[in-house]
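Trainee: kindly return the folded structure for what I paste below:
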Amino acid sequence: MAKKVAGSLKLRIPAGRATAGPPVGSTLGQRGLNMMDFINPFNEATKDMMGKDVIVHMKIYDDRSFDWKCLGQPVDDAIREKIGIKKGSGKPHSEKVGKITRAQLAEIAEMKKEHLNAIDEEGRIKIIAGTARSMGVEVEG
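Mentor: From the prediction side, this is the model:
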């Protein structure tokens, strides 16, 4: 019989730097989970992405066990890193903060292809371009 899911979590954690302190420790601790069962495997799995934040989805079961999946760097972080800006625009449709090329969009789409809901590469690029536009980044090409 399958385990019953008691809850799910979405966390944004610095890669390779999860600790027993906030946000990981406090979030897992209030659910009664052994945080070291997550922290050590997470740090080992994400040590190659040091310095970047990553998204983690966790399923928590009734018996206080859990499964987790790392989704990698968020798309908005990848866009900011690729074009060299600190943050998106507060008024994205009137104030532009930068430009991104189709080749840069394709690189990000390739990096995120496992986690995007698209049939082909063109669909993935359109999803990334939509995120860029909503940040106030002008899409070229």
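Trainee: pLDDT of the longest helix belonging to the chain, averaged?
Mentor: The longest helix of the chain (DSSP state H) is helix 121-134. Helix 121-134 carries an average pLDDT of 96.
Trainee: next secondary structure after it?
Mentor: Next helix or strand after helix 121-134 toward the C-terminus (DSSP states H and E): strand 137-139.
Trainee: what about that following strand, average pLDDT?
Mentor: Strand 137-139 comes out at a mean pLDDT of 95.
Trainee: for the chain, what spans make up the helices?
Mentor: Using DSSP H, helices in the chain cover 24-29, 36-45, 75-83, 102-111, 121-134.
Trainee: nearest to Gly16, of those helices?
Mentor: helix 36-45 (5.2 Å; C-beta to C-beta). All C-beta spots, glycine's among them, are computed from the backbone N, C-alpha and C.
Trainee: residues of the closest one that come out buried?
Mentor: 38-39, 42-43 (16 or more other C-beta atoms under 10 Å).
Trainee: okay, now the domains of the chain?
Mentor: As recorded under automatic domain parsing, the domains making up the chain are 5-72, 75-139.
Trainee: quote the end-to-end distance of the first one.
Mentor: By C-alpha to C-alpha, to the nearest Å, the extent of domain 5-72 from end to end equals 23 Å.
Trainee: closest one to Met135 out of the buried residues of helix 36-45, please.
Mentor: Among the buried residues of helix 36-45, and counting by C-beta to C-beta, the member closest to Met135 is Phe42, at 27.6 Å.
Trainee: wouldn't that closest one be in contact with Met58 here?
Mentor: No - counting by C-beta atoms under 8 Å, Phe42 does not reach Met58; the two are 10.1 Å apart.
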